[in-house]
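Visitor: return atomic coordinates for the entry below.
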Amino acid sequence: MTAQPWEAGLARLEGAYAQVADRLNSIDGRFAQIDARFAQVDARFAQVDARFAQIDGRFAQVDGRFAQVDSRFGQIENRMQQQFLWLVGSIFGTWVTTMLAILFHR
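Guide: The predicted structure is shown next:
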């Protein structure tokens, strides 16, 4: 047997391996591009997250202000309840006094 048939077969295999290597290198390049795009997307999501954090901070300020307003309304409500009770007590006292005056007038 001569070495020539083996050489032709090996040459074809080397050519096939070279084509496979080229294809794999191109796939690696594509994956690198995809990774770069994902990095850009991740950076954009980070920006969006930062914006949401700013908005959350603003809502926290607004919530604090609402808490202040709620406490003020609570104080006003307590005052109104006290004043209402005084008003009811005064009306009841006036009514009792009027009824006693009518009953004991004679």
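Visitor: which stretches of this protein have low pLDDT?
Guide: Along the chain, the parts satisfying pLDDT under 70 run over 1-3, 106.
Visitor: mind listing the helices for it?
Guide: 4-103 (DSSP state H).
Visitor: count the residues that sit near Q83.
Guide: 10 (other C-beta atoms under 10 Å). Just so you know, the C-beta spots here come from the backbone N, C-alpha and C atoms, and that holds for glycine as well.
Visitor: for S26, see how far away it is.
Guide: Note on Q83: its distance to S26, by C-beta to C-beta, to the nearest Å, is 84 Å.
Visitor: over to A36?
Guide: Taking C-beta to C-beta, one finds A36 at 16 Å from S26.
Visitor: centre of the chain to stretch 85-97, how far?
Guide: Relative to its chain's centre, stretch 85-97 lies at 54 Å (C-alpha atoms, centre = their mean, to the nearest Å).
Visitor: and stretch 71-85, by the same measure?
Guide: Its chain's C-alpha centre and that of stretch 71-85 lie 36 Å apart, by C-alpha atoms, centre = their mean.
Visitor: buried residues in it?
Guide: Buried residues in stretch 71-85, defined by neighbour count with 16 or more other C-beta atoms under 10 Å: none.
Visitor: now do stretch 84-93
Guide: For stretch 84-93, the neighbour count (16+ other C-beta under 10 Å) marks no residue as buried.
Visitor: pull the CA atoms of that stretch into CSV?
Guide: Output in CSV follows, covering the C-alpha atoms of stretch 84-93 (Å, rounded to 0.1, in the frame of the first residue of the first chain):
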residue,chain,number,x,y,z
PHE,A,84,-69.4,68.9,69.0
LEU,A,85,-69.6,67.3,72.5
TRP,A,86,-69.5,70.7,74.1
LEU,A,87,-72.3,71.9,71.7
VAL,A,88,-74.4,68.8,72.5
GLY,A,89,-73.8,69.3,76.2
SER,A,90,-74.8,73.0,76.0
ILE,A,91,-77.9,72.2,74.0
PHE,A,92,-78.9,69.4,76.4
GLY,A,93,-78.2,71.7,79.4
